[in-house]
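1. here is my input; please provide its structure:
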Amino acid sequence: MPRKSLAEQFLNEIPKEKDDEEGNWILFYDFKSKKPHPRFWTNLNKLIKILGSASMLQYSVFTTSSKRGIIAAVKLAQHYGAEIRVFKGEEVEV
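-> As a prediction, this is how the structure comes out:
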């Protein structure tokens with residue numbers, strides 16, 4: 001049986017009830033004075049694929065409409081040593 005990725009492990013640890021809270025979640029992360037491990041990108045892309053409602057706006061910004069997804073992304077970024085900030089927002093057209 002293949003080993004689960006960290007993205008899958010972290011997502012499976014979070015109760016499904018967390019997705020009851022609607023919103024647009026934004027994670028800013030930064031790997032100060034070091035490059036992120038290549039597995040970080042592999043796992044983040046795996047998480048995006050699993051969620052379906054997630055994306056990277058740029059290399060340091062992850063967004064999703066899933067609270068479980070944002071929690072899993074936070075755990076992933078922290079696991080690989082990133083500094084993080086999480087926001088809940090509303091997309092508006094200006």
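
2. ok, the most centrally placed residue in the chain to Ser66 distance?
-> Note on the chain: the residue nearest the mean C-alpha position is Ala73, at 2.3 Å, using CA atoms, centre = their mean. Note on Ala73: its distance to Ser66, by CB to CB, to the nearest Å, is 9 Å. Yep, even glycine has a C-beta here, placed from its N, CA and C like the rest.

3. spit out the residues that contact these two alike.
-> Ala54 (CB atoms under 8 Å, 6 or more residues apart in numbering).

4. and the helices in this protein?
-> 6-13, 38-51, 67-79 (DSSP state H).

5. can I get the CA coordinates of the first one in CSV?
-> Spelled out, it's helix 6-13. What follows is helix 6-13, C-alpha atoms only, in CSV (Å, rounded to 0.1, in the frame of the first residue of the first chain):
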residue,chain,number,x,y,z
LEU,A,6,1.9,14.8,4.1
ALA,A,7,-0.8,16.8,2.3
GLU,A,8,-3.2,13.8,2.6
GLN,A,9,-2.1,13.1,6.2
PHE,A,10,-2.7,16.7,7.4
LEU,A,11,-6.0,16.9,5.6
ASN,A,12,-7.3,13.6,7.0
GLU,A,13,-6.4,14.8,10.6
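
6. what residues are bridge-paired with Arg85?
-> Phe28 (DSSP bridges).

7. need the contact list for it.
-> Contacts of Arg85 by CB under 8 Å, 6+ apart are Leu27, Phe28, Tyr29.

8. pick the most deeply packed of the helices of the chain.
-> helix 67-79 (a mean of 22; mean count of other CB atoms under 10 Å).

9. my guess is the residue nearest to the centre of the chain meets Leu44, correct?
-> Yes. Counting by CB atoms under 8 Å, Ala73 touches Leu44, with 6.9 Å between them.

10. alright, I will stop here.
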